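1. quick one, structure for this:
(one chain, ligands or ions: 1)
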Amino acid sequence: MSVDHNAIEKTDAVLHEGEDSVFYVRDGALYIEGVRASDLAKKYGTPLYVYSNRMIRERFAEIRRDFLDRYSRNDGLGDDRAGAYAAYAAKAFLTPVMCRIVAEEGFLLDVVSGGEFFTAIQAGFPADRIKYHGNNKTIQELEEAIGAGVGRIVIDGLDELFIIEEIAERAGRIQPVLFRITPEVSAGAHDHITTGRRDSKFGVPMDEDVLYPLVGRAVESPHIHFLGLHFHVGSQLFDPAPYIEATGKALGVIDEINRRFAYSVPELCIGGGFGIRYTRAEERQPYAAFTGPVVALVNSYCEERGLIPPDIGIEPGRSIVGDAGVTLYTVGSIKQIPDGPKYVSIDGGMSDNIRPALYGAVYEAMLADKAAAKAADKETVTICGKLCESGDRIIDGASLAKAERGDILCVFSTGAYGYSMASNYNKIPKAAACLVDGEEARLIVRRQTYEEMIAPEI
Ligand code: LLP
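-> I've put the predicted structure just below:
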């Protein structure tokens, strides 16, 4: 792709502007890679999720360069003590095309449900490179996964080990498992995305009489290959401190397991949660800012105690796709409440992005073809959706060029947990998604039709 950087106008409107940003302004219009945003809206309709292939690929490359390549002990990923491995957390955004990108990039895939597992298998993703999470996997989900040869199951429930043992025995398999521990560390941009606290529904408590009997059983079981420990402290984090704190606790458990069971724990996965830029107030940290100190701690701890250091795994979701995606909407009704807010209504809302309503998440937006508007010409508006909820507001206090019906609005950093958490509330069909690659764009999710939406309804 060739971007003429001299033709790029400086504006404060584009959230991710930088020398080589995939989002930039030319001739007063927003571009995504080599394509004008409003052309995509014309071609595919709105609401439309738009992903930049280049930005997604760059994130995978950063992880390879600064984590996998740096800490690899051999060429394999995750197997035979690779040193480091990475799984993409499918929950952030998963479609067959995304599965193929993850496979091409050589990453594992982390799934949390039969539906995510099915999507991956249908797309041809190898089962042995899938890692299965979930705090309440059903027996049917476990049977399907083990039967297909799933690479790793992360045990969360207290009876899950016994269920897996039984299924693996019947299937004639030795099932690799990790235990998700509750690291008793509190972190996360919002209470709903804090997962590592002691009272969390996730994970096995690190209590003496809960964790160690399970680990002992896993180590002994002929149907189980005990791979190690996993934790996930929270999401949208910018500080490595909670990862380091949780790693310290996990290392204590690894040391204890080694002492009690004479078992060298092969893996420690530190989860995902690496933060992205939703607004100018946030500055994404490189992966190395998190993984560097964690690996250093693991190595020094293990050296001191004469332990073989476990492989370190990460599971990024949001930081791969979040800021690589935007949503385009068409502006409709504009309503100035006398002595009140000015509402700019869009043709989507909480059905395609529930995050503002659910977490109070904050976004930035611009009018795609009014990108050169000067600050003095901007006004402060409330961008609201078309759903029957007062809380269906995407941005409060957005600074926008003067909007008119038919304008294309671009909301930045919607690539993670937008499409994946979309609903059909108010019978709004699910939006389409496209992937831009240089000058080209292709549809990766077709817009749902009314017929498809009501097809299962009897
Ligand atoms: N691994 C595990 C075990 C997780 O529970 C999660 C996210 C991830 C990895 C990926 O985290 P990420 O890198 O994407 O932050 N719907 C919420 C986020 C929920 C995250 C739940 N677990 C949101 O929209 O902010």
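2. pull the longest strand from this protein.
-> When the chain is parsed with DSSP state E, its longest strand is strand 325-336.
3. what are the pairing partners of it, and which direction each?
-> The strands beside strand 325-336 in its sheet (DSSP bridges) come out as strand 48-52 (antiparallel), strand 342-346 (antiparallel), strand 408-411 (antiparallel).
4. for it, buried residues please.
-> Using 16 or more other C-beta atoms under 10 Å as the burial criterion, the residues of strand 325-336 that qualify are Gly325, Val326, Thr327, Leu328, Tyr329, Thr330, Val331. To be clear about C-beta, it is placed using only N, CA and C from the backbone, and glycine gets the same treatment.
5. swap in stretch 418-434?
-> Within stretch 418-434, the residues that qualify as buried are Gly418, Tyr419, Ser420, Met421, Ala422, Ile428, Pro429, Lys430, Ala431, Ala432, Ala433, Cys434, counting by 16+ other C-beta under 10 Å.
6. before we move on, what about stretch 107-117?
-> Judged by neighbour count (16+ other C-beta under 10 Å), stretch 107-117 contains these buried residues: Phe107, Leu108, Leu109, Asp110, Val111, Val112, Ser113, Gly114, Glu116, Phe117.
7. what's the first-to-last distance across that stretch?
-> 15 Å (C-alpha to C-alpha, to the nearest Å).
8. equivalent analysis for stretch 303-322, please.
-> As for stretch 303-322, its first-to-last residue distance stands at 37 Å under the measure C-alpha to C-alpha.
9. residues from the protein in reach of the ligand?
-> The interface of the chain toward the ligand, taken as C-beta under 6 Å from any ligand atom, is made up of 89, 92, 110, 133, 193, 195, 232, 235-236, 271-274, 315-319, 355, 416-417.
10. just the ones of those in strands?
-> Counting by DSSP E, the members of these that fall within strands are Ala89, Asp110.
11. list buried residues within the residues of the chain next to the ligand.
-> Neighbour counting with 16+ other C-beta under 10 Å marks 89, 92, 110, 133, 193, 195, 232, 235-236, 271-274, 315-319, 355, 416-417 as buried within the residues of the chain next to the ligand.
12. now the longest helix anywhere in the chain, how far from the centre of its chain.
-> Taking DSSP state H as the criterion, the chain has its longest helix at helix 241-261. Counting by C-alpha atoms, centre = their mean, to the nearest Å, helix 241-261 is centred 25 Å from the centre of its parent chain.
13. can you classify the residue sitting furthest away from the middle of the chain as helix, strand or coil?
-> With C-alpha atoms, centre = their mean as the measure, the chain has its most outlying C-alpha, relative to the mean C-alpha position, at Pro338: 40.9 Å. In the three-state summary, Pro338 is assigned as coil, counting by DSSP: H, G, I helix; E, B strand; the rest coil.
14. heads up, I number from 58, so please use that
-> With the count now opening at 58, the last piece we talked about shows up as Pro395.
15. how close does it sit to the ligand?
-> Using C-beta to the nearest ligand atom, to the nearest Å, we find Pro395 at a distance of 36 Å from the ligand.
16. where does Asp266 fall, phi/psi-wise?
-> phi -90, psi 0 (degrees, to the nearest 10).
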